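Student: let me see the structure of the following:
(2 chains)
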Amino acid sequence: MSDNKYNPQETENRYYKIWEERKYFEIDGNKAIQEEGKNFSIMMPPPNVTGRLHIGHALTFTLQDIITRYKRMDGYKTLWQPGTDHAGIATQNVVEKQLLAEGTTKEALGREKFLERVWAWKEESAGIMTEQLRYMGVSPAWERERFTMDTGLQKSVKESFIHLYNEGLIVRGNYMVNWCTHDGALSDIEVEHEDTDGKFYHITYPFADGSGSVEVATTRPETYFGDTAVMVHPDDARYKDLIGKEIKLPLLERRVKIIADAHVDMEFGTGVVKVTPAHDQNDYEVGKRHDLEFITVFDEKGILNEYAGEFQGLERLEARETIVKRLDEEGFIVKIEDHKHQVGHCYRCKNIVEPYISKQWFLRKEVATASIEKTNAGEAQFFPPHWINSYNSWMGELRDWCISRQLWWGHQIPVFYCDDCGHEFASQEDAPESCPKCASKHLTQDPDVLDTWFSSALWPFSTLGWGNGDVEMDKLFQSDDMKNFYPNTLLITGFDILFFWVARMMMMGEHFNGQLPFNHIYLHALVRDEHGNKMSKSRGNVIDPLDMVEKYSADILRFTLAISAAQGRDIRMSTEKLEQNRNFTNKLYNASKYLQMNVETFPDMAGFCVESDLGRYMMSRLNFATKEVRKNLDEYKFNDAALVMYKFLWNEFCDWGIELSKADKGAIVELGAIFKEAMKLLHPFMPFITEHLYHQLSGTSLDDADSIMIQKFPSKTKQRKEEQKFELIMDAIVSIRRAKVLVDLANQKIEKAFVKIEGISDKDKEMMLPFISKLAKVEHLEFTDTKIENSVSDISDLCVTFIPTDSIDLAPIIKKLTKQDEKLQKEIGKLSGMLNNERFVANAPEDVLEKNRSLLADAKAKQAKVLEQLEALQK
RNA sequence: GUUCGGGUAGCUCAGGGGUAGAGCACUUCGUUGACAUCGAAGUGGUCGGAGGUUCAAAUCCUCUCUCGAACACCA
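Tutor: Numbering: from 1, shown residues only, chains lettered A, B, ... in the order given. Model (predicted):
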């Protein structure tokens, strides 16, 4: 039984295994076609070890693979560097949860045992993600797979830290940071501000001298224990006399001063603000300006301390109600209003984040200065370009980056404190022998670890061996990698990590290597569901890429993502689109089946000469498609490149090439060669089916022949554009088909028809005749130089066709011609309007003028024929 | 509030100074062996609105309406 459907499941896994075994993905996998001096490098954004493949991964890795396969086939020494990320908080949380289920904690286990546990789990989990990646058909250099905490990268992290530390760019100090009572210190971008329904509490603060009170408004009454001032605006007439007075905090005996600071917004609230320097970012600044006391009222877990008086021991958020109730009982609450405001939440656990004074490590913002300048000088280019605006606006407001995290899983900060003399120093060694200052052997390492993004920031060069020492050199990296692959040619990632990752790589890459880490930075958008909603578990609209691979195929999923990936636009994923592209793969399968029904195997284009008229026409179209695909891929217009392939293969090769070949079977061998070439062009998008059909048509099999993935990517050949005759042929065919519809004989075989085409030779006519008569289904087709009487005709762009007829209903024909006339009249009006405009004639470029003149002439000629026909019919 | 992106055929979206495009849907027709996951021929749009620049604007500029995102915010 001959099968009409392509079965991807049979081929995909098998081919992938062979590719990987043969090391095609590695740097020299394409050795035979590599060209001197052409290098290409792209780093895989390392997915979390804890992760499972989601649709966003599918998009980003598909795009990366398309470019990688394109470059590899185009003769570049190609590095696509794979790896996974240790993902500090996420991973630690997973293992902590496991421990909880076992009834124990990390504290009970101890740091060392806990880390052993995480490593064990990492070994188990990392393979899942990379295995899932393989189902997508991606082709990174797996033999070089890295992990952000592997031995070599640990060395490079230490190397970079120590460098920055010694330069004074990494510093430790007491600052106000974003504090999560579960996860510890967070950087600014790890805080998510969300609209929250809260309350606005108006509280009376009595004057210390008993002469009355003042009303302050706050959203966080539980922090008032830390108030060390009350402030008003210096220009606020209402409160001018209060400045300098003292108030007594409710329920406490503590007195604080009323101060004046321009930070206060007179219009907002009561115009009187409580100042809590230890628990509010703005108040922190005010506190420094006015030299106020900094009183911290709760501990790292959010438990109120002795400053909270009777409320000591309560959790900060749970305490709020209790505190307000007591204040109300004592008559300090004036009113409570509903108030919507932005509250910072921990990106990881959604806990409310507190501004909190804490001793942390910071990377100073000065490290970024040169990278910003170089980016704006054009050293790196964004795709789409508008992203440089976001990059700049964020870089412009850059603050010191808090890089220490209160976790155990991660790169432990390589700084040691001497227990005896207090000396602090950074060291490459895991356990330095002794204090370099006092030689004491009692040393303690800083317990914190680095923000996960610190090691990710080094990824574009740490994976090339930078700072790795000789750990696994010649295996995980080569000594000339930095020379060959830095800066990376391209970065492809989602815009959502522009600040987290891209900006940090830019600063670190520039700082350590004097050059920005990328030439091009392509930022893609989000994948949404068919209604444009974000995919989420709670919505239940998540599309699992692995399900799609199973149901459709990796090729179909990849192609669907690529053809939807217009720069800067979100992608809507739908089964409708997947089905459309499944139909496309089926079309390809059946096209090759047709070819093989006629010819068994087909030659490669190299050294083969296409000679038939039809072959030369299709070759000309392939050249055009090749040019377009290359151009679009070079500009990262994945959607356009994919669409060119789709249209060429379906609407040109199948709809016309194959159909026309039914009138010239001798051309089929050439069409097969052309189709094989097109498979190479399509291969980066659909690696599996192209491999399959390529071998099928070559009479080979991947088991005993080289893969299509290391064949040369098509280039435009020297053949001249040669399409005119077939444009005439196709126009005539369509014209006759239209005329047949008119006489209600659509798609039927007819006895007789005439074609009138001006200015072609007898030889051309002879060549064209079989094509037209076969595809238009005309038994006896003749060329004519004159109008045929008693016929229905169709006036097309390039020809006029006639079908003789005796008794037919003319009404629909007249209607159609009238409509055609109206349309032409409109067109003529528009064109002659332009051409009668002196300024247009004076200013427009000659080719445009020429084009418009000939368009006008054509339209007029066509209208004349239409009118003539109308007249004849209306007689 | 600042910045960015969208508003194009019934639907989903490309395109982005030189006569408006695709897929789906719709109408009509068609299975003698590539493919019904198909083929043929069609219908359908004053490109959110108003100004402006230009010989020429869906495209560039200004304003405006509307949807979305990022960043920043007032206790």
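
Student: tell me the mean pLDDT over stretch A:369-385?
Tutor: Stretch A:369-385 carries an average pLDDT of 92.

Student: could you tell me the end-to-end distance of it?
Tutor: Stretch A:369-385 stretches 21 Å from its first residue to its last (CA to CA, to the nearest Å).

Student: same check on stretch A:712-723?
Tutor: End-to-end distance of stretch A:712-723: 26 Å, with CA to CA as the criterion.

Student: next: stretch A:732-751.
Tutor: 16 Å.

Student: also stretch A:244-251?
Tutor: Counting by CA to CA, you get 22 Å between the two ends of stretch A:244-251.

Student: now swap in stretch A:397-416 and tell me
Tutor: Using CA to CA, the end-to-end distance of stretch A:397-416 comes to 32 Å.

Student: report the helix or strand with the lowest average pLDDT across chain A.
Tutor: Ranked by mean pLDDT, DSSP states H and E, the weakest helix or strand in chain A is helix A:811-836, scoring a mean of 78.

Student: give the next helix or strand downstream of that helix.
Tutor: The helix or strand immediately downstream of helix A:811-836 is helix A:838-843, counting by DSSP states H and E.

Student: would you mind identifying the next helix or strand past that following helix?
Tutor: Following helix A:838-843 toward the C-terminus (DSSP H and E): helix A:846-874.

Student: what's the neighbour count on A:Glu112?
Tutor: Per other CB atoms under 10 Å, the neighbour tally for A:Glu112 reads 9. No exception for glycine: its C-beta is placed from N, CA and C like everyone else's.

Student: enumerate every residue touching A:Leu622.
Tutor: Applying CB atoms under 8 Å, 6 or more residues apart in numbering, one finds that A:Leu622 lies in contact with A:648, A:674, A:677-678, A:681, A:714.

Student: okay, these in CSV with pLDDT next?
Tutor: Listed next are the contacts of A:Leu622 as CSV, based on pLDDT from 0 to 100:
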residue, pLDDT
A:Phe648, 95
A:Ile674, 96
A:Glu677, 96
A:Ala678, 96
A:Leu681, 96
A:Pro714, 95
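
Student: can I get the residues you listed in CSV with distance to A:Tyr76 and secondary structure?
Tutor: Below are the contacts of A:Leu622 laid out as CSV (distance: CB to CB, whole Å; DSSP: H, G, I helix; E, B strand; the rest coil):
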residue, distance to A:Tyr76, secondary structure
A:Phe648, 24, helix
A:Ile674, 25, helix
A:Glu677, 20, helix
A:Ala678, 21, helix
A:Leu681, 17, helix
A:Pro714, 15, coil
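
Student: just the buried residues of those residues.
Tutor: Taking 16 or more other CB atoms under 10 Å as the criterion, what is buried in those is A:648, A:674, A:677-678, A:681, A:714.

Student: between the residues you listed, which sits nearest A:Tyr391?
Tutor: The nearest member of these to A:Tyr391, counting by CB to CB, is A:Leu681 at 34.1 Å.

Student: for the closest one, what are its contacts?
Tutor: When contacts are counted by CB under 8 Å, 6+ apart, A:Leu681 touches A:622, A:625-626, A:629, A:645, A:713-714.

Student: A:Ile772 too?
Tutor: A:Ile772 sits next to A:729, A:732-733, A:736, A:755, A:778, A:781 when contact means CB under 8 Å, 6+ apart.

Student: considering only these, which also neighbour RNA strand B?
Tutor: A:Ile733 (CB under 7 Å from any atom of the strand).

Student: can you name the two of the contacts of A:Ile772 that sit furthest apart?
Tutor: Maximum pairwise distance among those (CB to CB): 13.0 Å, between A:Ile729 and A:Val778.

Student: ok, and for the longest strand along chain A, which residues are buried?
Tutor: The longest strand of chain A (DSSP state E) is strand A:191-206. Residues A:191, A:199, A:201-206 are the ones in strand A:191-206 that count as buried (16+ other CB under 10 Å).

Student: only alpha carbons, please: show stretch A:519-536 as CSV.
Tutor: Extracted in CSV, the C-alpha atoms of stretch A:519-536 (Å, rounded to 0.1, in the frame of the first residue of the first chain):
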residue,chain,number,x,y,z
ASN,A,519,27.9,41.6,17.4
HIS,A,520,24.2,41.0,17.1
ILE,A,521,21.5,40.7,19.8
TYR,A,522,18.2,39.3,18.7
LEU,A,523,15.4,39.6,21.2
HIS,A,524,12.3,37.6,20.5
ALA,A,525,8.8,38.0,22.0
LEU,A,526,6.5,35.8,24.0
VAL,A,527,4.6,32.8,22.8
ARG,A,528,0.9,33.2,23.6
ASP,A,529,-2.2,31.0,23.1
GLU,A,530,-4.5,31.4,20.2
HIS,A,531,-6.4,34.2,21.9
GLY,A,532,-3.4,36.2,22.7
ASN,A,533,-3.3,35.2,26.4
LYS,A,534,-0.2,34.4,28.3
MET,A,535,0.2,30.7,28.8
SER,A,536,-0.2,29.7,32.5
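
Student: just the helices in the stretch 501-650 of chain A please.
Tutor: Along the stretch 501-650 of chain A, the stretches classed as helices by DSSP state H, counting those that start in this stretch are A:504-513, A:545-551, A:554-564, A:575-598, A:613-634, A:638-646.

Student: could I get those helices in JSON lines, plus columns for distance to RNA strand B and mean pLDDT?
Tutor: Formatted as JSON lines, these follow (distance: least, CB to the nearest atom of the strand, whole Å; pLDDT from 0 to 100):
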{"stretch": "helix A:504-513", "distance to RNA strand B": "14", "mean pLDDT": "96"}
{"stretch": "helix A:545-551", "distance to RNA strand B": "12", "mean pLDDT": "93"}
{"stretch": "helix A:554-564", "distance to RNA strand B": "7", "mean pLDDT": "95"}
{"stretch": "helix A:575-598", "distance to RNA strand B": "3", "mean pLDDT": "94"}
{"stretch": "helix A:613-634", "distance to RNA strand B": "10", "mean pLDDT": "94"}
{"stretch": "helix A:638-646", "distance to RNA strand B": "5", "mean pLDDT": "94"}
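
Student: can you tell me the centre-most residue of chain A?
Tutor: A:His524 (2.6 Å; CA atoms, centre = their mean).

Student: coming back round to it: what about the longest strand of chain A, distance to the chain center?
Tutor: 37 Å (CA atoms, centre = their mean, to the nearest Å).

Student: cool, stretch A:811-818 as well?
Tutor: Mean-position distance between stretch A:811-818 and its chain equals 52 Å (CA atoms, centre = their mean).

Student: follow-up on the earlier one: any idea which of the buried residues of strand A:191-206 is closest to RNA strand B?
Tutor: A:Val191 (7.5 Å; CB to the nearest atom of the strand).

Student: is that closest one in a bridge, and if so with what?
Tutor: When bridges are called by DSSP bridges, A:Val191 pairs up with A:Cys346.
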